[in-house]
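**Student:** Got a predicted model here, sequence first, then my questions.
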Amino acid sequence: MLEHLHQVAVHAYYAGELDAGRRACERMLAMELTPERERLVRRNRSYYTQRLDDLVGCRFQRFDVDPAHQGWSTFNPTIVAYEDGYIAIVRSSNYQIVDGRYVMPPEDAGVIRTENIAVRLDASLNSQDAGAMRADYERSQYPVDGLEDVRLNVCDGQVLVSATVRNWAGRDGTCRIATARMSLDQREMADVQMRDEPTPGRHEKNWMPIVGVRKWVYACWEQGRTAFVDDDGGRWRTALLGEAPAIARGWRGGSQVIKAGDDR
């Protein structure tokens with residue numbers, strides 16, 4: 001059965017039978033697979049990725065943001081509803097990926113740098129203003145600087161962020177999660193705090209904030225369950241909750257978790 005499904009997953013793409021290929025991949029991902037087979041199936045599944053507007057009703061709105069510095073890129077935005085409009089954060093970095101390698105300008109001496117640009121949007125997603133945000137914390141010499149993959153949340157009237165940081169002083173370069181309070185008026189990520197990791201030594205990246213509460217989805221599949229992290233007085237508390245399907249093995253976070261059916 002497994003080999004038959006694998007053949008369908010491969011050949012359906014070239015035959016234009018995208019639904020059949022997608023179903024074959026997803027049936028395999030619900031099975032027990034070797035790590036090598038699972039990586040191959042997930043790669044094949046990516047060819048069958050559907051457009052968002054094929055899945056749900058949506059509209060696309062473009063807003064242009066200047067990079068933090070000339071020659072830098074802009075990418076990986078995050079957005080959250082706030083007051084009568086929205087706030088977005090756009091990541092800007094000094095590197096490009098060329099043939100699978102990170103390439104930085106010579107003057108940066110091999111250091112990957114990130115700054116984050118905050119954008120205010122009105123209710124129609126029109127840009128109102130934008131500016132780079134300062135983020136002060138005690139840095140080490142590890143050559144990856146700045147808050148990466150910022151995720152936004154609004155809780156108790158405050159705009160909160162969580163992000164990955166690698167050059168926190170006294171740490172070894174392993175990805176850690178930091179949190180901060182965003183001050184739009186001051187263009188600052190204030191009260192930046194490194195949080196203790198739930199699993200020592202493990203890279204921490206792309207947690208999903210649950211909008212309106214100080215809680216994150218830690219992993220979609222952790223020991224067979226969905227794992228959540230609570231901010232318990234400045235310390236993480238991890239809880240394994242409902243069973244997660246096998247297909248969710250290896251799923252990592254992206255955007256926030258929001259209420260389904262909410263108009264915004």
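**Tutor:** Arrived safely, thanks for sending.
**Student:** From now on I want contacts and neighbour counts done on CA atoms only, so please keep to that.
**Tutor:** OK.
**Student:** Could you export stretch 66-76 as CSV, CA atoms only?
**Tutor:** What follows is stretch 66-76, C-alpha atoms only, in CSV (Å, rounded to 0.1, in the frame of the first residue of the first chain):
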residue,chain,number,x,y,z
ASP,A,66,11.1,50.3,2.6
PRO,A,67,13.9,48.1,4.0
ALA,A,68,15.7,49.2,7.1
HIS,A,69,18.9,49.9,5.1
GLN,A,70,19.7,50.2,1.5
GLY,A,71,20.2,46.8,-0.1
TRP,A,72,18.4,44.9,2.7
SER,A,73,15.4,42.7,2.1
THR,A,74,11.9,42.8,3.5
PHE,A,75,10.0,39.6,4.2
ASN,A,76,8.1,37.5,6.7
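**Student:** in that stretch, what counts as buried?
**Tutor:** For stretch 66-76, burial by neighbour count (16 or more other CA atoms under 10 Å) applies to 67-68, 72-74.
**Student:** which one among these gets closest to Y82?
**Tutor:** Y82 has its nearest neighbour among those in T74, at 22.3 Å by CA to CA.
**Student:** Next up, phi/psi of the closest one, please.
**Tutor:** Dihedral angles of T74 (phi, psi; degrees, to the nearest 10) stand at phi -130, psi 130.
**Student:** Also P35?
**Tutor:** phi -60, psi -40.
**Student:** and the gap between it and R249?
**Tutor:** Between P35 and R249 the computed distance is 11 Å (CA to CA, to the nearest Å).
**Student:** Then Y48?
**Tutor:** 18 Å.
**Student:** same deal with E83?
**Tutor:** Counting by CA to CA - E83 and R249 are separated by 36 Å.
**Student:** Looking at those two now, which is surrounded by more residues?
**Tutor:** R249 (18 against 10; other CA atoms under 10 Å).
**Student:** For that one, which non-adjacent residue is closest in space?
**Tutor:** W221 (5.3 Å; CA to CA, 6 or more residues apart in numbering).
**Student:** ditto for S140
**Tutor:** A169 (4.2 Å).
**Student:** Just confirm that neighbour contacts E138, I think it does.
**Tutor:** Yes - here A169 lies in contact with E138, judged by CA atoms under 8 Å, at a distance of 5.5 Å.
**Student:** Those two: who's more crowded?
**Tutor:** The neighbour comparison of A169 against E138 (other CA under 10 Å) goes to A169, with 13 against 9.
**Student:** List the contacts of that one.
**Tutor:** Neighbouring residues of A169 by CA atoms under 8 Å, 6 or more residues apart in numbering: 138-141.
**Student:** 7 Å - rerun?
**Tutor:** By CA atoms under 7 Å, 6 or more residues apart in numbering, the residues touching A169 are 138-140.
**Student:** swap in S162?
**Tutor:** Contacts of S162 (CA under 7 Å, 6+ apart): 150-152, 177-180.
**Student:** which one among these gets closest to L29?
**Tutor:** R151 (28.0 Å).
**Student:** Thought L160 was touching that closest one, still the case?
**Tutor:** No - using CA atoms under 7 Å, R151 makes no contact with L160, being 8.4 Å away.
**Student:** neighbour count winner among the two?
**Tutor:** R151 (26 against 23).
**Student:** Okay, and the beta partners of that one?
**Tutor:** S162 (DSSP bridges).
**Student:** Distance of it relative to Y218?
**Tutor:** 13 Å.
**Student:** cool, E115 as well?
**Tutor:** With CA to CA as the criterion, E115 and Y218 are 24 Å apart.
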